[in-house]
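Fold the following for me, if possible:
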Amino acid sequence: MARDTDCKDLEEKYKNLEVETAACKEENEAFSLYRSIIENAGEAILVARGDRVIFANPRAEELFGWTQHDLAARPIAEFIHTEDRDAMMRQYEKLLRSEQTFRVPPFRIVDRSENIKWVRLRAALLSADTEPVVIFFLTDMTRRKKAEEELRRSEEKYRRVIDTTSGGYILMDPNFLIIDVNRSLLQMLGCEREELIGKLPYTLYDKKSVMFYFASQDHISFEAQFAVKGGREITLLYNRSTLRDEKGAITGYVSFLSDLTELKLVQQRLRLAEERYRRMYENAVQGMFQSTLSGKILRANPACARVLGYNSFEELLAAEHDLSALYFHPEDRQQMLVALQSEGRLANYEIKLKRKDGRPVWLLFNVRLTEDDDGKPVIEGIIVDNTAKKLAEEELRKSEEKFRRLSILDNLTGLYNTRYMYKALADLIAESEESGMPFSLIFLDMDNFKHVVDTYGHLNGSRTLQEVAATIQSVLIEPAFGVAYGGDEFVVALPGFKKKQAAKKAREIQTRMRKTVYLTSQGFEVQLSASFGIATFPEDAADRTALLALADKAMFAIKKRGKNAIGITAPVSVGKKPVPS
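Take a look at the predicted model:
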């Protein structure tokens, strides 16, 4: 009986053991499943008892850079960034007391390499029987935090740019309601931010003042009069653009505004300046023009047209010719272009042009070489009519030339006078002394000229002297020249002539006089002769006075011996009388 009871107890215990074994197996299988889930979780998972880690999944080891063994060897607080440590440990202690799950804002941890990482934490209390066990779920927020920080910095930079820009800024929602403005716009309009938020932009300006510059589906540009607090108005340039997302849907609108007040004032001053310049250009006394290098006239003021003989620039342009056609000498234009291209500008450059009627006009060109809007070279400048001055100078030159010639010419004969002769002889002596080249003088006195005067009168006597002077001049070739010495006496200077050459020239004059009949214009036929005396420098004398005296002496010797002959001065050393030729 006792044995049966023992068997039954044994069977009961066996059955209980089987039940316990099955339960333990199920528990082990469940534990293995949960462990596998935790170890393969995408989040970092830590299990802690007190202030120590007792379990870390692979993702946690990766996050901290420590193995589970290394994590367990250090207090939990050591892995938290010093600036977040106290706050997080207070939250942890609160969790241990409250037996609740909790979430905290992202905080910083430090990994094995001392890199700072941001994490988000969820925690739950698993057991509080003996010593509390807590499970932590950590999500790495580092990349997101960095992105958020970059976004924050970008927004701050954007805000600084928007607030510091000199132009106004308006941000609108898809319904055109203002949701943001910058300080510059508030300063422009003299209002507060709250006065603009929620308003429609078109309520800020006078619609009648709008002047459109550009408009398209996504962009619009115009200027208008915007109201400023206090009743004043300012002109603003309004540029609005449409904001769209990646799918093309409208997310809002942005507008940039520029104060045109100063620009308008500048434009007004510019218009006034242009008007003044236009009046000056059209009413200027000097001619103003612009032309191409080839000579095509691009523009000219009325004065320029008038100085060239045209009534207007249009008439000048209708003539269909370029500036080269206005030159008397085309090479003058070429020379001017060469000088202009070399110097870049010319001042008071004188050019002779033709007026419309063909008459000459002298102009002073003050021009420069520049470029048009397309970068092509053009000539532009001012021309001054110098014709009156030029003609006056020419008259003065002719008058001066006339007086100069009168001062050195004999009034009756047109030959040189003694004033010229004395200076010329001094120059010939200086040249002869320098070069060794001789020169000779012929002293000529008319024979029986008193008889001509007594017979035909003083007036015909003067005419006779004029005709004799013409006879002398007809046989002379420069630099030889004749001189009316006084009364019926003449001197002929022969640069480069020796005595023999001078004697030949004297015979030529003598022969020409013999073949000439004088006073035929007065109805008379008069035959004339003369006596000649020759002296040569430096052979006969060392100065002009002695040279003239010797030639005169040689002539008078001929007079005494019968006239109508040529006397040649003998060398001084010989002391002979003049030898008749």
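
where does the stretch 301-450 of the chain have low pLDDT?
Scanning the stretch 301-450 of the chain for pLDDT under 70 picks out the ranges 320-322.

Strands of that one, start to end?
Ranges of strands in the stretch 301-450 of the chain, per DSSP state E, counting those that start in this stretch, are 345-354, 360-371, 377-385, 439-446.

okay if I get these as a markdown table plus distance to residue 138?
Using the backbone N, CA and C atoms, a C-beta is placed for each residue, glycine as well. As requested, the strands of the stretch 301-450 of the chain are exported to a markdown table (distance: least, Cβ to Cβ, whole Å):
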| stretch | distance to residue 138 |
| --- | --- |
| strand 345-354 | 82 |
| strand 360-371 | 72 |
| strand 377-385 | 77 |
| strand 439-446 | 129 |
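
quick one, which of these is nearest to residue 108?
Nearest to residue 108 among the strands of the stretch 301-450 of the chain is strand 360-371 (65.7 Å), distances taken as Cβ to Cβ.

Please tell me how far the closest one is from the chain's geometric centre.
Strand 360-371 sits 21 Å away from the centroid of its parent chain (Cα atoms, centre = their mean, to the nearest Å).

Who are the packing partners of it?
Here strand 360-371 touches helix 330-343, strand 345-354, strand 377-385, helix 387-408, going by 3 or more Cβ pairs under 8 Å, 6 or more residues apart in numbering; DSSP states H and E.

Highest mean neighbour count out of these?
Most buried of the helices and strands packed on strand 360-371 by mean neighbour count (mean count of other Cβ atoms under 10 Å) is strand 377-385; its value is a mean of 18.

what angle do that one and helix 330-343 make?
For strand 377-385 against helix 330-343, the angle between stretch directions is 120 degrees (axes from the mean of the first three to the mean of the last three Cα atoms, to 10 degrees).

Sheet partners, orientation included, of strand 377-385?
Counting by DSSP bridges, the strands paired with strand 377-385 are strand 287-292 (antiparallel), strand 360-371 (antiparallel).

what residues are up against the nearest residue to residue 242 once chain neighbours are set aside?
If you skip the residues right next to it in sequence, residue 242 has residue 218 as its closest partner in space, 4.1 Å away by Cβ to Cβ, 6 or more residues apart in numbering. When contacts are counted by Cβ atoms under 8 Å, 6 or more residues apart in numbering, residue 218 touches 241, 242, 244.

Out of these, the closest to residue 228 would be?
Nearest to residue 228 among these, counting by Cβ to Cβ, is residue 241 at 24.7 Å.

Give the burial count for that closest one, as a bare number.
Applying other Cβ atoms under 10 Å, we find 15 other residues in the vicinity of residue 241.

Then residue 168?
Neighbours of residue 168 using other Cβ under 10 Å come to 25.

So what does it look like in phi/psi?
Taking degrees, to the nearest 10, you get phi -80, psi 160 for the backbone angles of residue 168.

So what sits opposite it in the bridge?
Residue 168 forms beta bridges with residue 257, as assigned by DSSP bridges.

Show me the chain divided up by domain.
For the chain, the structural domains run 36-146, 165-265, 284-387, 409-580, going by automatic domain parsing.

Surely residue 45 and residue 60 touch.
Yes - if you go by Cβ atoms under 8 Å, residue 45 and residue 60 touch, sitting 5.8 Å apart.

Between these two, point out the one with more neighbours.
Neighbours per residue, other Cβ under 10 Å: of residue 45 and residue 60, the larger number sits with residue 60, 24 against 19.

all strands for the stretch 151-300 of the chain, in order.
168-172, 178-181, 211-215, 219-228, 232-244, 250-259, 287-292, 297-300.

Show me what counts as buried in the fourth one.
Which is strand 219-228. Using 16 or more other Cβ atoms under 10 Å as the test for burial, strand 219-228 gives 220, 222, 223, 224, 225, 226, 227.

Not counting sequence-adjacent ones, nearest residue to the fourth one?
By that I understand residue 224. residue 205 (4.1 Å).

For that neighbour, list the residues it contacts.
Applying Cβ under 8 Å, 6+ apart to residue 205 gives the contacts 224, 225, 226, 227, 236, 238.

Can you get me the start-to-end distance on stretch 56-76?
Taking Cα to Cα, to the nearest Å, stretch 56-76 runs 12 Å from one end to the other.

Please list the outside residues in contact with it.
38-48, 51-55, 79, 89, 92, 109, 111-113, 115, 117, 119, 138, 140.

can you check stretch 179-190 too?
162-163, 165-173, 192-193, 196-198, 204, 226-230, 234, 236, 252, 257, 259.

got the end-to-end distance for that stretch?
This stretch, stretch 179-190, spans 18 Å end to end (Cα to Cα).

what about it, distance to the chain center?
Here stretch 179-190 shows a centroid-to-chain-centroid distance of 40 Å under the convention Cα atoms, centre = their mean.

got it, and stretch 486-494?
Chain-centre distance of stretch 486-494: 70 Å, with Cα atoms, centre = their mean.

Next, the buried residues of that stretch.
488, 489, 490, 491, 492, 493, 494.
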